[in-house]
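Undergrad: curious how this folds, go ahead:
(4 chains)
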2 protein chains.
Amino acid sequence: MNVEEVIKTEKKLPLRTRTILHFSLVGNKINETFMAALKPHEISEQQFNVLRILRGQKGKPAHLSTINERMVTKMSNTTRLVDKLILKGYVDRITCADNRRKVEITITDKGKAVLTVLDKVMEETENELLTKFSDLELNQLNHLLDKF
Amino acid sequence: MNVEEVIKTEKKLPLRTRTILHFSLVGNKINETFMAALKPHEISEQQFNVLRILRGQKGKPAHLSTINERMVTKMSNTTRLVDKLILKGYVDRITCADNRRKVEITITDKGKAVLTVLDKVMEETENELLTKFSDLELNQLNHLLDKF
DNA sequence: AATGTATATTTGTATATACAATTATTGTAT
DNA sequence: ATACAATAATTGTATATACAAATATACATT
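TA: Residues are numbered from 1 along each chain as shown, chains lettered A, B, ... in the order given. Modelled structure (predicted):
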């Protein structure tokens, strides 16, 4: 992906401007690719993330605030993401007995089942996006990303 | 930015999964930073992009489709982005005389004026985001991004 | 000229997200 | 115990975006 080609400019961009622009162009490509891959399964990336977080709990329920901390989205959206997952039967929500302000979210068997399907979809998409990278290059990239 | 720390997991993620996740975490950080920087000026990143594209035309108007090609967003959104810029007095829209299906968008003096202000804001934000990078590292990053 | 097809943009509608305000519950200080 | 602040989640509302359908104009074929 060549920046100057995409944005159709002849003039040389300053290094920092070019880097940020480059980054956001690649980011958009990655997002679009994942959205397209998940679309046939009628689930959004954010909803998928919630399911993954819940699986990470290994049976234990997660408080809504915990899910929220591990996501980029805002609290109010987390509530509504969970609403949608409940409608699909992928998670359950009960109010916490210890502290009735909190709610506990658990992934259902149905939710686990779609996750195993989606895991494959995501892995394939990752590989598709990263075909041109060697492991060495991926490590270099990760190392550079740590600097942000 | 450490991936495992952000998503609070102990187990080691597969290299490819980690890279994509890392990328999207950094992408979110970049986006948030720019949104926050532009917010006081009451303009969105997308609206700002339209203005930059128009400036690149050097006085010549741009067709809506041209603007659209150079942006990530969809055509219908481009229409509405321009609507908002017109309301603010930053651009003009006239139907093209040669081909009355097309429209021509031009940046106004007022639009150019805010751009010069926003240029500084963007440059500062870029520098703020990239403080930890040497020029060599930025070139390495750009080189790796080309592989996407 | 009439008809069908392609192009360029706009509009309608559903969904997604951000932000502020609200509700409900718990903890704390007097 | 009462009042006040803090915490957790939800709801209302405005804005943003995606997608499909509609509109308007131009081009091509008979």
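Undergrad: can you find the helix or strand in chain A with the smallest mean pLDDT?
TA: Across the helices and strands of chain A, mean confidence by mean pLDDT, DSSP states H and E is lowest for helix A:3-6: a mean of 78.
Undergrad: ok and the next helix or strand after it relative to helix B:15-38, angle-wise?
TA: Beyond helix A:3-6 in the direction of the C-terminus, DSSP states H and E gives the next helix or strand as helix A:15-38. With axes from the mean of the first three to the mean of the last three CA atoms, to 10 degrees defining the directions, helix A:15-38 sits at 120 degrees from helix B:15-38.
Undergrad: and the contacts of helix A:15-38?
TA: With CB atoms under 8 Å, 6 or more residues apart in numbering or on different chains as the test, helix A:15-38 has contacts from A:1, A:3, A:6-7, A:13, A:44-45, A:48, A:118, A:121-122, A:124-125, A:128-129, B:20, B:23-24, B:26-27, B:30-31, B:72, B:122-123, B:126-127, B:129-130, B:133, B:135, B:138-139, B:141-142, B:145, B:148. No exception for glycine: its C-beta is placed from N, CA and C like everyone else's.
Undergrad: quick one: the following helix or strand past that helix near DNA strand D?
TA: On the C-terminal side of helix A:15-38, the closest following helix or strand by DSSP H and E is helix A:45-55. No: Helix A:45-55 stays out of contact with DNA strand D when judged by CB under 7 Å from any atom of the strand, the minimum separation being 11.9 Å.
Undergrad: spell out which parts of chain A neighbour DNA strand C.
TA: So far as CB under 7 Å from any atom of the strand goes, chain A lies against DNA strand C at A:44, A:46, A:73-77, A:80-81, A:84, A:99-101.
Undergrad: which pLDDT value goes with A:N28?
TA: For A:N28, the pLDDT comes out at 87.
Undergrad: near it, how many other residues are there?
TA: Other residues within reach of A:N28, judged by other CB atoms under 10 Å in any protein chain shown, total 14.
Undergrad: give me the helices and strands touching the least confident helix or strand of chain A, please.
TA: In terms of contact count using 3 or more CB pairs under 8 Å, 6 or more residues apart in numbering or on different chains; DSSP states H and E, helix A:3-6 is assigned the packing partners helix A:15-38.
Undergrad: and the helix it packs on, what's buried?
TA: For helix A:15-38, a neighbour-count test (16 or more other CB atoms under 10 Å in any protein chain shown) marks A:15-16, A:18-27, A:30, A:33-34, A:37-38 as buried.
Undergrad: same check on stretch A:78-97?
TA: The neighbour-count check on stretch A:78-97 (16+ other CB under 10 Å) flags A:78, A:81-82, A:85, A:90-92 as buried.
Undergrad: for it, how far is the first residue from the last?
TA: Its start and end residues considered, stretch A:78-97 measures 21 Å (CA to CA, to the nearest Å).
Undergrad: wait, isn't A:I94 in contact with A:I86?
TA: No: because the distance of 11.0 Å does not satisfy CB atoms under 8 Å, A:I94 is recorded as not touching A:I86.
Undergrad: if I look at A:N28, how far off is B:L138?
TA: As for A:N28, its distance to B:L138 is 20 Å (criterion: CB to CB, to the nearest Å).
Undergrad: then A:L21?
TA: From A:L21 across to B:L138, the span is 12 Å (CB to CB).
Undergrad: Three-state assignment for A:T106, please.
TA: Secondary structure assignment for A:T106 (DSSP: H, G, I helix; E, B strand; the rest coil): strand.
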